[in-house]
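**Student:** I need the structure of the sequence given here:
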Amino acid sequence: MKKFNIRKVLDGLTASATPSQPLGVRENDLVHETLQSEHFQLCKTVRHGFPYQPSAMALDPVQKLLAIGTQSGALRIFGRPGVECHCQHESGAAVIQLQFLINEGALVSALADDSIHLWNLRQKRPAVLHSLKFNKERITFCHLPFQSKWLYVGTERGNVHIVNVESFTLSGYTIMWNKAIELSSKAHPGPVVHISDNPMDEGKLILGFEAGIVVLWDLKSKKADYRYTYDEAIHSVSWHHEGKQFICSHSDGSLTIWNIKNPARPQQTITPHGKQPKDGKKPEPCKPILKVEYKTTRLGEPFIILSGGLSYDTVGRRPCLTVMHGKSTAVLEMDYPIVDFLTLCETPYPNDFQEPYAVVVLLEKDLVVIDLAQNGYPIFENPYPLTLHESPKRQGYSKKEWPISGGNWGQGAQSYPEIVITGHADGSLKFWDASAIMLQVLYKLKTAKVFEKNRSKDDKPSTEIVDEDPFAIQLLAWCPESRVLCVAGVSAHIIIYRFSKQEVTTEVIQLLEVRMQCDLSDLDSPDVGGDQAQVAPTSSSSPSPQAAAPLTRPSTSSNNSDHTRDNVPCLKVRSSSLKQSPGYQVELVVQLVWVSGEPPQQISSLAINSAYGLVVFGNSTGVGVVDYLQKTVLLNLSTAELYTTNDPYQRQPRSPRKSRQPSGGLCDINEGSATSDDRCKSPTSVLSSNHQQFYNGAGKAKMSRKLSLPTELKPDLDHRDNSFSRSRSSSVTSIDKEAREGITELCFCETMARRAEGGGPQPALWVGTLLGTVLTATLSLPPAGEQRLLQPIIASPNGALVRLKGSILRIAFLDAAGVFQLSPYEQWYEPNAAEEERTRRRRGGGLPSPCGGGGGGSGGGLDLERDSQFGVICSEKQAKVLSLPSQTCVSKHNITETSFVLRADVVVLNSGACVACFCANGHIMTLSLPYLRPLLDVNYLPLTDMRIARTFCFSNLGQALYLNSPTEIQRLTYSQEVCENLQEMLGEMFIPVETPEAPNRGFFKGLFGGGAQSLDREELFGETGAGKAPRSLAQHIPGPGGIEGMKGAASGIMGDLARTRMALDERGQKLSEVEEKTAAMMNSADSFSKHAHEMMLKCKDKKWYQF
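**Tutor:** Numbering: from 1, shown residues only. I've put the predicted structure just below:
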């Protein structure tokens, strides 16, 4: 596999995204919008990660493909690394079994809703060709013999039905349970748990019933040859390749080996993990052996591989796979419970020596492949990025290549670099290269190293505000040009990182403690410790750098009289030195502290600007601005103080909440009764507070989006709309109850000053609130260089600018030509280099100078004499575009009346900008800029849990993603161009490969009939031999993957191509059939001609009376 380096990827990311120069002002005062509705189309692209809640697995040993089914009806098919696809059964029922039509490019799936489906894998996007829904019986087991078109289906009633997989019709041949067992048992034998044909005789079928009865059924004579009865329930059966023996696994942890001609008692009984008593009695019972496989080798002892069967006294022991080979027994511990396993063998033929070389083990949260050919049974290094979260540490990998190597790569990579950053519950970050179809890990960062670790749960400090996962990542802000990374955690802490190519040892971690409170009476006389980094919340001044010197240790001052927690952070920063390897290194830690026994409120919004050297964060209390170059707090204001003198909401002073908070307020709608396994107790657990960041570096617009919902947005969606009326209500009394107006969006920008003030663009901070207000503050920066580190930055709040209905989700800016504007940024430099080498000229984001000429336009036009910028604001209900600095409304659009927007972003597509929205009712919409014309509105995915809302993320060039399950990322596109090129990007699942030759029977076996016996199944199961099955038993449903479904489903050029390709495939198959029939007719004609010629020669000289 290709190894990825984050340094090279970051270099390529910023190099490919150099901003283009802004367009000049047009003669016409109306901005020309380049994006039209035909540029948009919504479709899913790929799914990353491990299949959530896997339930079944199948393997094609010739094509070398692996299929995994899940409890939600999903299918994931894997070939070589980079070749994989995702499919979904419409019903969403759990997949209980999968069967490949080996080397045929097809797959049969059996679901818990008693339906079976045939998938066509000969196309890049597999589709269902046929479905069969059983009406009267529950499906429990399926078996498809190698190179057969007849599928055996066992049911809960104990019957076996036979399905033709070509036409997906039921045969009239049925094996009834009462005829199978006859008088061998007085009770019902239970469901069918196993079906398989004798490797040496296709006419003999083994039927395993749950109660402990095994029947050898003769298909031709339609009766049972032998019945084998055991006291314990059966879980699985496996044949010896010679067809003379089979092995059963039982519920008491035992294995029984039977000779097919001796049904009286088993030839051998083994309890692999049972204690053998000295008096020769039966071993103590163990846990059930859920599955066993019996595989032979030509030169050595056979392999018996099993899962389960451990002794009951092994409490707390991890799940195990047991490999018995001769006299040796190896017990291989797994990290998670075993769902299923399959043995990889050298031959697909069941009647030959199997020669096993590997075991594929499907676990609940991982996929492991074990090398059977090496001593110690090492595992293969998994090349798939299946585990999004932290995976178990393993050592001693096999030196062989990954054995699942089917399929062919498509075009694969995109023409531009793309990075996904994921934050996890254990405080770790992962950088992924998403430029290709599959994700590749670039870099891992552990934020927990910055803090002291608790030795045990008893040592947990009383200052923590979350019950679990105190280091969990909540928000990210990333500047790819300067490579500055800002991380906010659930314990009200912020860590600022810089990227360095050199290793350093940090003796003392720089720390700032910020005291944020909303009780206005406390602001008059704050109780500030001597070393507390507290800043008086003045509106237009900033402290000198000396006024808020960085702390080197967390402050632990408290009120000694009542022992309340005051001026103490939630986490303790480590006091020892920290060795930091090349990559992201800690620059500064900011922690919110307890105030008079009240915990700090969690961070709800975050932004960073490398050109200004500032980080801004907000919560339900207010907003704070930190200068990470001077290591000082620049601004610490409540939301009410940001309004200056024009606050429309008269608030009653109130202290922060006293209750302990859940982990970031990130519970799903239905997480009230979540079990402990669903929470994040270890790095490998399902992450309920996952955060994604999606960035791509193509085009002018460059963004890194935050994907966690603000903590103030309550997960109770039923009453959500009722709260939105507050933001538009003219009644002051409806606002009185809301003592705090939480911060939901922050944006640094260079924007034009107010019309009265004149002048060019100035650095500014725009703030969006929970009640739909946009507030601004002007920033006065000292000159770059040495003065920047010595002189303070002056921040002047300007009050409210505009109000929208619903909380503010996104603020962005366009230039006069409607081109998306980046915030100013600084180019990356090596922070650990010499001082003179670090001097860099600040680089702006391509903001045009104020535009002149031209008179003012009417309606939605710009006043070209004074206005040269658009401000785009999107809330949960509305979108509005303002012209700046005049602040006139250019356009306004009500996005939704009955629902609300969960995620909104301004993205670049086809050199134009648009607003992309994802609503709680499942609609994905795009609006043109600057005039907010609807371009796309598709009902994509109804919101079923808050995980999707927290992690849904738009990016440039029509890309989007979200965490659709705790272990999987779903990517989609809303670009017509990407949809059309998707087929070329995806890999081919099926490649024509010759089936290996069947094993030779040998001279003596052929002479004395000892070889494999074939069976004419067509004659036995066909309509002429067996008749028709009752129509009420099962219903046939044509799938959309067939030519019938393609006619109505496909549209446009791609649909025509797909239909043409399918028609050609059909025509090719028919032509090949005609060719075969023609060849057979020619052979027949040749034979007839020879016989006729011989007869002619024989009768040539005979007289008429000699005949």
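**Student:** am I right that residue 38 sits in a strand?
**Tutor:** No: under DSSP: H, G, I helix; E, B strand; the rest coil, residue 38 sits outside any strand and is assigned helix.
**Student:** quick check: the gap between residue 1017 and residue 167.
**Tutor:** Separation of residue 1017 from residue 167 (CB to CB, to the nearest Å) stands at 14 Å. (Glycine included, C-beta is placed from N, CA and C.)
**Student:** give me the more crowded residue out of the two.
**Tutor:** More neighbours surround residue 1017 than the other of residue 1017 and residue 167, with 20 against 11 (other CB atoms under 10 Å).
**Student:** is it true that the more buried one touches residue 148?
**Tutor:** Yes: counting by CB atoms under 8 Å, residue 148 is a contact partner of residue 1017 at 6.3 Å.
**Student:** overlap in contacts, the two.
**Tutor:** Taking CB atoms under 8 Å, 6 or more residues apart in numbering as the contact rule, residue 1017 and residue 148 both touch residue 202.
**Student:** residue 351 reaches residue 999, doesn't it?
**Tutor:** Yes: using CB under 8 Å, residue 351 is in contact with residue 999, at 6.7 Å.
**Student:** mind checking which of these two has more residues around it?
**Tutor:** Between residue 351 and residue 999, counted using other CB under 10 Å, residue 351 has the larger neighbour count: 22 against 14.
**Student:** which ones are touching the more buried one?
**Tutor:** Contacts of residue 351 (CB under 8 Å, 6+ apart): 199, 200, 241, 242, 243, 999, 1012.
**Student:** residues in contact with stretch 492-499?
**Tutor:** By CB under 8 Å, 6+ apart, stretch 492-499 touches 10, 445, 447, 450, 465, 483-489, 569-571, 583-592, 599-603, 606, 608, 615, 617, 619, 626, 628, 828, 831.
**Student:** next step: these restricted to strands.
**Tutor:** Among these, the ones falling in strands (DSSP state E) are 445, 484-489, 583-592, 606, 608, 615, 617, 626.
**Student:** out of the contacts of residue 351, which sit inside helices?
**Tutor:** Among the contacts of residue 351, DSSP state H puts none in helices.
**Student:** report the buried members of those residues.
**Tutor:** Taking 16 or more other CB atoms under 10 Å as the criterion, what is buried in those is 199, 200, 241, 243, 1012.
**Student:** please, where are all the strands along the stretch 301-450 of the chain?
**Tutor:** 303-308, 320-325, 328-333, 338-345, 356-363, 367-371, 418-423, 428-433, 440-446 (DSSP state E, counting those that start in this stretch).
**Student:** elements contacting the third one?
**Tutor:** If contacts are counted by 3 or more CB pairs under 8 Å, 6 or more residues apart in numbering; DSSP states H and E, strand 328-333 sits against strand 320-325.
**Student:** paired strands for the strand it packs on, with orientation please.
**Tutor:** strand 303-308 (antiparallel), strand 328-333 (antiparallel) (DSSP bridges).
**Student:** make CSV out of the ones you listed and add mean neighbour count and mean pLDDT.
**Tutor:** Listed next are the strands paired with strand 320-325 as CSV, based on neighbours: other CB atoms under 10 Å; pLDDT from 0 to 100:
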stretch, mean neighbour count, mean pLDDT
strand 303-308, 24, 95
strand 328-333, 13, 93
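**Student:** which one of those lies closest to residue 363?
**Tutor:** Proximity to residue 363 (CB to CB) singles out strand 303-308 among those, at 10.5 Å.
**Student:** let me see the confidence value for residue 553.
**Tutor:** Turning to residue 553, the model gives it a pLDDT of 39.
**Student:** to clarify, my last question referred to residue 1015.
**Tutor:** The predicted local confidence for residue 1015 is 75.
**Student:** returning to what we had before: lowest-confidence one in the contacts of residue 351?
**Tutor:** Of all of the contacts of residue 351, residue 1012 carries the lowest confidence score, 64.
**Student:** sorry, back to before: just so I know, which of the strands of the stretch 301-450 of the chain lies nearest residue 764?
**Tutor:** strand 418-423 (26.8 Å).
**Student:** thinking again about what came up before, want to throw the strands paired with strand 320-325 into JSON lines with distance to residue 79?
**Tutor:** Putting these into JSON lines (distance: least, CB to CB, whole Å) gives the following:
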{"stretch": "strand 303-308", "distance to residue 79": "24"}
{"stretch": "strand 328-333", "distance to residue 79": "26"}
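**Student:** got a list of what the spatially closest residue to residue 580 that is not a sequence neighbour touches?
**Tutor:** Nearest non-adjacent residue to residue 580, counting by CB to CB, 6 or more residues apart in numbering: residue 504, 5.3 Å away. By CB under 8 Å, 6+ apart, residue 504 lies in contact with 579, 580, 585, 832.
**Student:** now the buried members of those residues.
**Tutor:** 580, 585.
**Student:** buried ones in stretch 158-172?
**Tutor:** 158, 159, 160, 161, 162, 163, 164, 165, 168, 170, 171, 172.
**Student:** out of those, which is nearest to residue 34?
**Tutor:** Out of these, the member with the shortest distance to residue 34 (by CB to CB) is residue 168, at 49.1 Å.
**Student:** now that closest one: how far from residue 1038?
**Tutor:** To residue 1038, residue 168 is 9 Å away according to CB to CB.
**Student:** picking up where we left off before, out of the strands paired with strand 320-325, nearest to residue 235?
**Tutor:** strand 303-308 (8.1 Å).
**Student:** for the closest one, give me every contacting residue.
**Tutor:** So strand 303-308 is contacted by 247, 249, 253, 255, 272, 287-297, 319-325, 338, 341, 343, 356, 359, 372 (CB under 8 Å, 6+ apart).
**Student:** for residue 50, the count of nearby residues, please.
**Tutor:** Neighbour tally, residue 50, other CB under 10 Å: 23.
**Student:** ramachandran angles for it?
**Tutor:** Backbone torsions of residue 50, given as degrees, to the nearest 10, read phi -90, psi 140.
**Student:** could I get the contacting residues of it?
**Tutor:** 365, 366, 367, 386, 387, 388, 967, 968.
**Student:** check what pLDDT it gets.
**Tutor:** pLDDT, residue 50: 92.
**Student:** and the gap between it and residue 365?
**Tutor:** 6 Å.
**Student:** now do the shared contacts for the two.
**Tutor:** 387, 967.
**Student:** any residues in contact with both of residue 168 and residue 1038?
**Tutor:** 130, 131.
**Student:** now residue 331: how far from residue 966?
**Tutor:** 30 Å.
**Student:** reformat the strands of the stretch 301-450 of the chain as JSON lines; add distance to residue 873.
**Tutor:** Output for the strands of the stretch 301-450 of the chain, formatted as JSON lines (distance: least, CB to CB, whole Å):
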{"stretch": "strand 303-308", "distance to residue 873": "57"}
{"stretch": "strand 320-325", "distance to residue 873": "57"}
{"stretch": "strand 328-333", "distance to residue 873": "56"}
{"stretch": "strand 338-345", "distance to residue 873": "49"}
{"stretch": "strand 356-363", "distance to residue 873": "47"}
{"stretch": "strand 367-371", "distance to residue 873": "46"}
{"stretch": "strand 418-423", "distance to residue 873": "26"}
{"stretch": "strand 428-433", "distance to residue 873": "30"}
{"stretch": "strand 440-446", "distance to residue 873": "33"}
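**Student:** out of those strands, nearest to residue 1093?
**Tutor:** Here strand 338-345 is closest among the strands of the stretch 301-450 of the chain (CB to CB), at 50.6 Å.
**Student:** and the angle for the closest one with strand 367-371?
**Tutor:** Orientation of strand 338-345 against strand 367-371 (axes from the mean of the first three to the mean of the last three CA atoms, to 10 degrees) gives an angle of 40 degrees.
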